[in-house]
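[1] Provided below are the primary sequence and the corresponding predicted coordinates.
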Amino acid sequence: MAVSKVNVRTPGSALGPDLKLKLASKSGLTLRFAAAAALLLLLGACAPQSQLTAPGANQAAAAPAAAPSAEQTALRNMIAMQDRLFKIASPLLTANAPLCKGNARYLLGFTAKNKYSYSKAMASAAQSLGYDDRLQVTDVLPGSGAANNGVQRGDYLVSAGDRPIPQGENAERLTATVLAPLMAGKMPVKLVLQRGGAPMNVTVPLTLACSFSVELGNVDTVNAYSDGSRVLVTRGMMNFARSDEELAYLIAREIAHDALAHPGRQKMVKTIGDIITNLMRTNPDATTLAGTGGILPYGQDMDAAADTLSLYMLVRAGYSIDNAPAFWKRLAAAYPASVPNGYTAIHPSTAYRLAMIGKVTQIINAKKAAGKPLLP
């Protein structure tokens, strides 16, 4: 659903390919963005530990908390990374609807998941982190109608427009069919939530935002991809970036490729889409990443166009672009075009891009100083 893509979306069957309700657009849910993006909620505590009585003791003594399982640790790490992607991508999506061409949609502004939003291998870990059959809000898009009207992480979805919200294994997909007609008229949507065991009535105005989802890729290669509707950032790239600002440079650039329909112009939508779907899994098939994975390198004109649009998106979203050249230089030096499954292999025109970034930055700064609209 399009509740917010960022389906922050992290990921797929790792966090499931279609495991997010993405901000909820007319065409479906994105309780995810989103993707953002897909966008998950990191619950800090496991289920309560039982109390045990030591032999011969007069009083029950609390047993030491059991160490988290490998699955719990892995899921927590994935959730934390996807949550970070959602946070970084959110302002880029909400501030740039005019620049997203035909890819802006009216969204509810939150993501939601249940225990079935994760792979079977992670189901037990998800349940221990507080997920059950019900969909619960996992992220709320800052500045959205949901955020401004009191929707919070951890709220359970009970009903929408007097129709019950489905539960269980297919809850996300079925909830999309509940929300789609309610959002078709672009009018506020009436929801019943449950918080702390008590019902809560909320009316959520829809939020116009870029409808791209932002996903997490569960591999350590340093790369990012866009397939026309989704953006995926690998775990390796997230670890490479030194700050949220650097990740914003990357996410904005991939959003720009999508907004400019570059994957389609390259005839790479299916190739890149298959790679994104694979990398969203908990355990992706690494054989698909040989070389560039079949992706044609972008020409310098397309790359420069994406850089130009992304710089405007970043400034409109409140990010500084002063350090963008340093980030792209560092990335190209660490992972040059000769590294076949790295970012620069797909975007090889570093020198041309840096020259364009310098020129566009000057133009943007002049527009800001003159109080002119920040539009390309």
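    Nice, I can see it. Here the structure is a predicted model, which is why all the values come from computation and not from measurement.

[2] and Asn223, what is it in contact with?
    Taking Cβ atoms under 8 Å, 6 or more residues apart in numbering, we find Asn223 in contact with Gly217, Thr234, Gly236, Met237, Asn341, Gly342, Tyr343, Ile346. For every residue, glycine as well, the C-beta is placed using N, CA and C.

[3] I'd like the distance from it to Leu232, if you could.
    To Leu232, Asn223 is 9 Å away according to Cβ to Cβ, to the nearest Å.

[4] same question, Ile295
    Separation of Ile295 from Leu232 (Cβ to Cβ): 12 Å.

[5] Could you do Glu172 as well?
    Distance of Glu172 to Leu232, given as Cβ to Cβ: 19 Å.

[6] list the buried ones in stretch 343-351?
    By 16 or more other Cβ atoms under 10 Å, the buried positions in stretch 343-351 come out as Tyr343, Thr344, Ala345, Ile346, His347, Pro348, Ser349, Thr350.

[7] Also stretch 176-196?
    Those would be Ala176, Val178, Leu179, Ala180, Leu182, Met183, Pro188, Val189, Leu191, Val192, Leu193, Gln194, for stretch 176-196 by 16+ other Cβ under 10 Å.

[8] mind listing which of these are in helices?
    Mapping those onto helices (DSSP state H) picks out Ala176, Val178, Leu179, Ala180, Leu182, Met183.

[9] for the chain, which spans come out with low pLDDT?
    Applying pLDDT under 70 to the chain flags the ranges 1-65.

[10] Counting residues, which helix of it comes out longest?
    The chain, longest helix under DSSP H: helix 70-94.

[11] now that helix, how far from the centre of its chain.
    Centroid displacement of helix 70-94 relative to its chain, using Cα atoms, centre = their mean, to the nearest Å, is 7 Å.

[12] still on that earlier bit, tell me the residues that contact both of Ile295 and Leu232, please.
    Common neighbours of Ile295 and Leu232 (criterion: Cβ under 8 Å, 6+ apart): Tyr225, Ile275.

[13] Pull up the distance across stretch 159-179, start to finish.
    This stretch, stretch 159-179, spans 10 Å end to end (Cα to Cα, to the nearest Å).

[14] Mind listing what's buried along it?
    Result for stretch 159-179 [16+ other Cβ under 10 Å]: buried residues Ser159, Ala160, Ile165, Pro166, Gln167, Ala171, Glu172, Thr175, Ala176, Val178, Leu179.

[15] The last one is in contact with Val189, isn't it?
    Yes: counting by Cβ atoms under 8 Å, Leu179 touches Val189, with 7.1 Å between them.

[16] what touches both of those two?
    Here Leu179 and Val189 have Leu108, Ala160 as joint contacts, going by Cβ under 8 Å, 6+ apart.
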